[in-house]
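> Output the structure for:
(one chain, ligands or ions: 2)
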Amino acid sequence: MTYDWFAGLVLLAAVFLTTRLGYFLAFKVPALQRMRVINREQDALKMAKGHYPPVVKSSIRVGLVTNLVFFLALAPFVITLEARPAWRYLIDVVLILLVFDFFYYLAHRFLLHGVGYFVRVHAVHHQAHEPTHIDAYLVHPLETFIGQALFIASATGLGALAGPFHVGSVALAYLLYVNINLVNHTAVDLPYFPFKTLNYITTKHAIHHIDMSKGNYATITMMYDYAFGTLD
Ligand SMILES: [Zn+2]
Ligand SMILES: [Zn+2]
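Numbering: from 1, shown residues only. Ligands and ions are numbered 1, 2, ... in the order given. Prediction:
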(Lines give C-alpha, C1' and ligand atoms only; values in the text may rest on other atoms or scores of the structure.)
(Ligands and ions follow the chains in the order given, each with its own letter.)
Protein backbone atom coordinates (compact mmCIF):
# COMPACT_ATOMS: atom_id res chain seq x y z
CA MET A 1 0.00 0.00 0.00
CA THR A 2 1.33 3.39 -0.95
CA TYR A 3 0.05 6.84 -0.06
CA ASP A 4 -1.11 8.36 -3.37
CA TRP A 5 -1.65 12.01 -2.41
CA PHE A 6 -2.56 13.03 -5.94
CA ALA A 7 -5.27 10.37 -6.17
CA GLY A 8 -6.53 11.67 -2.81
CA LEU A 9 -6.84 15.20 -4.19
CA VAL A 10 -8.61 13.90 -7.31
CA LEU A 11 -11.04 11.99 -5.07
CA LEU A 12 -11.82 15.11 -3.04
CA ALA A 13 -12.27 17.24 -6.18
CA ALA A 14 -14.45 14.57 -7.85
CA VAL A 15 -16.75 14.31 -4.83
CA PHE A 16 -17.03 18.09 -4.48
CA LEU A 17 -17.64 18.86 -8.16
CA THR A 18 -20.05 15.95 -8.72
CA THR A 19 -22.07 17.04 -5.69
CA ARG A 20 -22.33 20.64 -6.92
CA LEU A 21 -23.18 19.61 -10.47
CA GLY A 22 -25.60 16.89 -9.30
CA TYR A 23 -27.58 19.28 -7.09
CA PHE A 24 -27.59 21.95 -9.79
CA LEU A 25 -29.06 19.50 -12.32
CA ALA A 26 -31.42 17.68 -9.92
CA PHE A 27 -33.14 20.87 -8.82
CA LYS A 28 -33.73 21.93 -12.41
CA VAL A 29 -36.46 19.28 -12.26
CA PRO A 30 -39.61 21.19 -11.13
CA ALA A 31 -41.00 18.36 -8.98
CA LEU A 32 -37.71 18.03 -7.07
CA GLN A 33 -37.43 21.78 -6.66
CA ARG A 34 -40.96 21.78 -5.23
CA MET A 35 -39.95 19.12 -2.69
CA ARG A 36 -36.85 21.16 -1.83
CA VAL A 37 -38.97 24.20 -1.01
CA ILE A 38 -41.28 22.12 1.21
CA ASN A 39 -38.30 20.59 3.04
CA ARG A 40 -36.67 23.98 3.53
CA GLU A 41 -39.88 25.41 5.03
CA GLN A 42 -40.17 22.48 7.45
CA ASP A 43 -36.44 22.63 8.25
CA ALA A 44 -36.69 26.32 9.13
CA LEU A 45 -39.56 25.62 11.56
CA LYS A 46 -37.55 22.81 13.18
CA MET A 47 -34.37 24.86 13.45
CA ALA A 48 -36.37 27.50 15.33
CA LYS A 49 -36.83 24.87 18.07
CA GLY A 50 -34.08 25.13 20.66
CA HIS A 51 -32.89 21.52 20.59
CA TYR A 52 -32.14 21.34 16.84
CA PRO A 53 -29.26 23.82 16.25
CA PRO A 54 -26.73 22.48 18.81
CA VAL A 55 -27.24 18.84 17.73
CA VAL A 56 -27.14 19.68 14.02
CA LYS A 57 -24.01 21.78 14.51
CA SER A 58 -22.09 19.16 16.47
CA SER A 59 -23.13 16.39 14.07
CA ILE A 60 -21.86 18.40 11.09
CA ARG A 61 -18.61 19.17 12.94
CA VAL A 62 -17.93 15.51 13.75
CA GLY A 63 -18.84 14.56 10.17
CA LEU A 64 -16.39 17.12 8.80
CA VAL A 65 -13.50 15.87 10.94
CA THR A 66 -14.09 12.18 10.14
CA ASN A 67 -14.45 13.03 6.44
CA LEU A 68 -11.15 14.91 6.48
CA VAL A 69 -9.44 11.96 8.16
CA PHE A 70 -10.86 9.70 5.45
CA PHE A 71 -9.97 11.86 2.45
CA LEU A 72 -6.56 13.05 3.63
CA ALA A 73 -5.21 10.25 5.82
CA LEU A 74 -6.83 6.94 4.86
CA ALA A 75 -8.32 6.90 1.36
CA PRO A 76 -5.04 7.81 -0.41
CA PHE A 77 -3.64 4.44 0.75
CA VAL A 78 -6.34 2.41 -1.01
CA ILE A 79 -7.07 4.34 -4.22
CA THR A 80 -5.35 4.66 -7.57
CA LEU A 81 -5.72 6.58 -10.80
CA GLU A 82 -4.44 3.58 -12.77
CA ALA A 83 -7.00 1.81 -14.96
CA ARG A 84 -8.64 -1.24 -13.35
CA PRO A 85 -10.17 -4.21 -15.21
CA ALA A 86 -13.46 -2.97 -16.72
CA TRP A 87 -15.62 -5.34 -14.60
CA ARG A 88 -14.20 -3.96 -11.37
CA TYR A 89 -15.40 -0.35 -11.47
CA LEU A 90 -19.03 -1.01 -10.59
CA ILE A 91 -18.40 -4.25 -8.67
CA ASP A 92 -16.17 -2.30 -6.27
CA VAL A 93 -18.89 0.31 -5.69
CA VAL A 94 -21.47 -2.41 -4.96
CA LEU A 95 -19.01 -4.30 -2.73
CA ILE A 96 -18.18 -1.25 -0.59
CA LEU A 97 -21.85 -0.29 -0.19
CA LEU A 98 -23.09 -3.81 0.57
CA VAL A 99 -20.40 -4.46 3.18
CA PHE A 100 -20.98 -1.04 4.77
CA ASP A 101 -24.76 -1.50 4.77
CA PHE A 102 -24.42 -4.94 6.40
CA PHE A 103 -22.39 -3.56 9.31
CA TYR A 104 -24.64 -0.49 9.50
CA TYR A 105 -27.69 -2.77 9.67
CA LEU A 106 -26.13 -4.73 12.57
CA ALA A 107 -25.04 -1.57 14.45
CA HIS A 108 -28.41 0.15 13.94
CA ARG A 109 -30.47 -2.86 14.96
CA PHE A 110 -28.44 -4.39 17.78
CA LEU A 111 -26.47 -1.42 19.16
CA LEU A 112 -28.53 1.73 18.53
CA HIS A 113 -31.84 -0.05 19.10
CA GLY A 114 -30.43 -2.60 21.55
CA VAL A 115 -27.92 -1.45 24.17
CA GLY A 116 -29.03 0.99 26.94
CA TYR A 117 -26.58 3.87 26.49
CA PHE A 118 -26.60 3.65 22.70
CA VAL A 119 -30.41 3.60 22.64
CA ARG A 120 -30.33 6.97 24.45
CA VAL A 121 -27.78 8.24 21.92
CA HIS A 122 -29.98 7.10 19.01
CA ALA A 123 -33.13 8.54 20.65
CA VAL A 124 -31.78 11.98 19.69
CA HIS A 125 -32.26 11.07 16.00
CA HIS A 126 -35.65 9.48 16.69
CA GLN A 127 -37.00 12.78 18.04
CA ALA A 128 -37.85 13.35 14.37
CA HIS A 129 -41.19 11.59 13.85
CA GLU A 130 -41.85 13.11 10.44
CA PRO A 131 -38.37 13.52 8.99
CA THR A 132 -37.35 16.27 6.59
CA HIS A 133 -33.92 17.05 5.16
CA ILE A 134 -32.51 18.60 8.35
CA ASP A 135 -33.20 15.40 10.31
CA ALA A 136 -30.34 13.69 8.49
CA TYR A 137 -28.24 15.92 10.79
CA LEU A 138 -30.36 15.54 13.93
CA VAL A 139 -27.91 12.90 15.09
CA HIS A 140 -25.90 12.60 18.32
CA PRO A 141 -22.22 13.20 17.47
CA LEU A 142 -21.28 9.73 18.71
CA GLU A 143 -23.79 8.20 16.28
CA THR A 144 -22.46 10.38 13.45
CA PHE A 145 -19.00 9.05 14.27
CA ILE A 146 -20.20 5.43 14.34
CA GLY A 147 -21.90 5.74 10.93
CA GLN A 148 -18.92 7.46 9.33
CA ALA A 149 -16.46 5.05 10.91
CA LEU A 150 -18.39 2.08 9.51
CA PHE A 151 -18.22 3.49 5.98
CA ILE A 152 -14.55 4.45 6.32
CA ALA A 153 -13.64 1.06 7.80
CA SER A 154 -15.56 -0.75 5.02
CA ALA A 155 -13.95 1.28 2.22
CA THR A 156 -10.40 1.24 3.57
CA GLY A 157 -10.59 -2.31 4.90
CA LEU A 158 -11.81 -3.68 1.58
CA GLY A 159 -9.30 -1.47 -0.25
CA ALA A 160 -6.48 -2.97 1.80
CA LEU A 161 -7.72 -6.52 1.08
CA ALA A 162 -8.90 -6.29 -2.52
CA GLY A 163 -7.61 -2.94 -3.71
CA PRO A 164 -6.48 -0.54 -4.61
CA PHE A 165 -9.82 0.77 -5.85
CA HIS A 166 -10.08 3.22 -8.68
CA VAL A 167 -10.71 6.79 -7.51
CA GLY A 168 -13.97 6.86 -9.49
CA SER A 169 -15.32 3.79 -7.66
CA VAL A 170 -14.63 5.22 -4.19
CA ALA A 171 -16.02 8.61 -5.23
CA LEU A 172 -19.24 7.00 -6.47
CA ALA A 173 -19.58 4.76 -3.39
CA TYR A 174 -19.06 7.78 -1.12
CA LEU A 175 -21.53 9.97 -3.03
CA LEU A 176 -24.19 7.25 -2.92
CA TYR A 177 -23.60 6.59 0.78
CA VAL A 178 -23.93 10.28 1.73
CA ASN A 179 -26.78 11.18 -0.60
CA ILE A 180 -28.93 8.11 0.01
CA ASN A 181 -28.74 8.91 3.73
CA LEU A 182 -29.73 12.51 3.04
CA VAL A 183 -32.54 11.60 0.63
CA ASN A 184 -33.84 8.96 3.11
CA HIS A 185 -34.75 11.79 5.46
CA THR A 186 -36.37 14.20 3.02
CA ALA A 187 -40.13 14.56 2.85
CA VAL A 188 -41.12 13.43 -0.65
CA ASP A 189 -44.64 13.16 -2.00
CA LEU A 190 -44.22 12.12 -5.63
CA PRO A 191 -45.95 8.73 -5.98
CA TYR A 192 -45.72 8.62 -9.77
CA PHE A 193 -43.19 7.89 -12.54
CA PRO A 194 -40.26 8.63 -12.61
CA PHE A 195 -40.12 9.36 -8.87
CA LYS A 196 -41.62 6.10 -7.55
CA THR A 197 -38.30 4.70 -6.24
CA LEU A 198 -37.49 8.00 -4.55
CA ASN A 199 -40.96 8.01 -3.01
CA TYR A 200 -40.53 4.39 -1.86
CA ILE A 201 -37.17 4.84 -0.10
CA THR A 202 -38.22 8.02 1.72
CA THR A 203 -41.46 6.37 2.84
CA LYS A 204 -39.53 3.33 4.15
CA HIS A 205 -37.28 5.48 6.30
CA ALA A 206 -40.17 7.67 7.44
CA ILE A 207 -41.81 4.46 8.77
CA HIS A 208 -38.64 3.74 10.77
CA HIS A 209 -39.04 7.17 12.39
CA ILE A 210 -42.67 6.70 13.56
CA ASP A 211 -41.31 5.24 16.81
CA MET A 212 -38.33 3.18 17.96
CA SER A 213 -40.08 -0.16 17.51
CA LYS A 214 -40.24 -0.10 13.70
CA GLY A 215 -37.94 -2.03 11.34
CA ASN A 216 -36.12 -0.85 8.17
CA TYR A 217 -32.70 -0.60 9.81
CA ALA A 218 -30.46 -0.63 6.74
CA THR A 219 -29.67 2.64 5.03
CA ILE A 220 -28.57 1.85 1.46
CA THR A 221 -30.82 -1.02 0.42
CA MET A 222 -33.78 -2.83 1.94
CA MET A 223 -32.03 -6.15 1.19
CA TYR A 224 -30.85 -6.95 4.73
CA ASP A 225 -34.21 -5.99 6.27
CA TYR A 226 -35.88 -8.27 3.77
CA ALA A 227 -33.40 -11.10 4.42
CA PHE A 228 -33.58 -10.85 8.25
CA GLY A 229 -37.32 -10.23 8.49
CA THR A 230 -37.25 -6.62 9.74
CA LEU A 231 -38.86 -4.95 6.73
CA ASP A 232 -41.71 -2.70 7.82
ZN1 LIG B 1 -33.30 3.91 14.36
ZN1 LIG C 1 -33.19 8.42 10.22
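> per-residue confidence at Asp189?
Looking at Asp189, its pLDDT stands at 96.
> in which helix or strand would I find it?
Asp189 is located outside every helix and strand, with elements delineated by DSSP states H and E.
> which residues touch the nearest residue to Leu112 once chain neighbours are set aside?
The shortest distance from Leu112 to any non-neighbouring residue, by C-beta to C-beta, 6 or more residues apart in numbering, is to His122 (3.8 Å). Where you see a C-beta, it was placed from the backbone N, CA and C, and this is true even at glycine. When contacts are counted by C-beta atoms under 8 Å, 6 or more residues apart in numbering, His122 touches His108, Leu112, His113, His140, Glu143, Met212.
> what do you get for Ala187?
With C-beta under 8 Å, 6+ apart, Ala187 has these contacts: Met35, Ile38, Asn39, Gln42, Glu130, Pro131, Thr132, His133, Thr202, Ala206.
> What of His129?
His209, Ile210, Asp211.
> what about 6 Å?
His209 (C-beta atoms under 6 Å, 6 or more residues apart in numbering).
> hang on, it in a helix?
No: going by DSSP: H, G, I helix; E, B strand; the rest coil, the assignment for His129 is coil, not a helix.
> Against Ala206, how distant is it?
Distance of His129 to Ala206, computed by C-beta to C-beta, to the nearest Å: 9 Å.
> repeat for Thr197
On the measure of C-beta to C-beta, Thr197 and Ala206 end up 15 Å apart.
> More neighbours: which of those two?
More neighbours surround Ala206 than the other of Thr197 and Ala206, with 22 against 9 (other C-beta atoms under 10 Å).
> so what's the closest residue to that one other than its chain neighbours scoring on pLDDT?
Distances taken as C-beta to C-beta, 6+ apart put Pro131 closest to Ala206, at 5.9 Å, once the chain neighbours are dropped. For Pro131, the model assigns a pLDDT of 97.
> Repeat that for Val115.
pLDDT, Val115: 88.
> what's the neighbour count on Glu184?
You called it Glu, but residue 184 is Asn. When neighbours are counted by other C-beta under 10 Å, Asn184 registers 21.
> Pull out the buried residues from the helix or strand where it lies.
Assigned by DSSP H and E, Asn184 falls within helix 167-185. Neighbour-count burial for helix 167-185 flags 167-175, 177-181, 184-185 (criterion: 16 or more other C-beta atoms under 10 Å).
> And the helices in this protein?
In order along the chain, the chain carries the following helices (DSSP state H): 5-26, 30-47, 52-68, 75-78, 88-106, 116-123, 141-162, 167-185, 196-208, 223-227.
> which other helices and strands contact the shortest one?
Going back to what we said before, that points to helix 75-78. Counting contacts by 3 or more C-beta pairs under 6 Å, 6 or more residues apart in numbering; DSSP states H and E, helix 75-78 packs against helix 5-26, helix 141-162.
> So for Phe193, which of those helices sits nearest?
Checking those against Phe193 by C-beta to C-beta gives helix 5-26 as the closest, at 16.8 Å.
> Which residue, other than its chain neighbours, is closest to Gly63?
Ranked by C-beta to C-beta, 6+ apart and with sequence neighbours excluded, the top spatial neighbour of Gly63 is Thr144, at 5.4 Å.
> That neighbour contacts Val62, correct?
Yes: with contact defined as C-beta atoms under 6 Å, Thr144 counts as touching Val62 (4.6 Å).
> of these two, who's got more company?
Neighbours per residue (other C-beta under 10 Å) separate Thr144 from Val62, with Thr144 holding more: 22 against 19.
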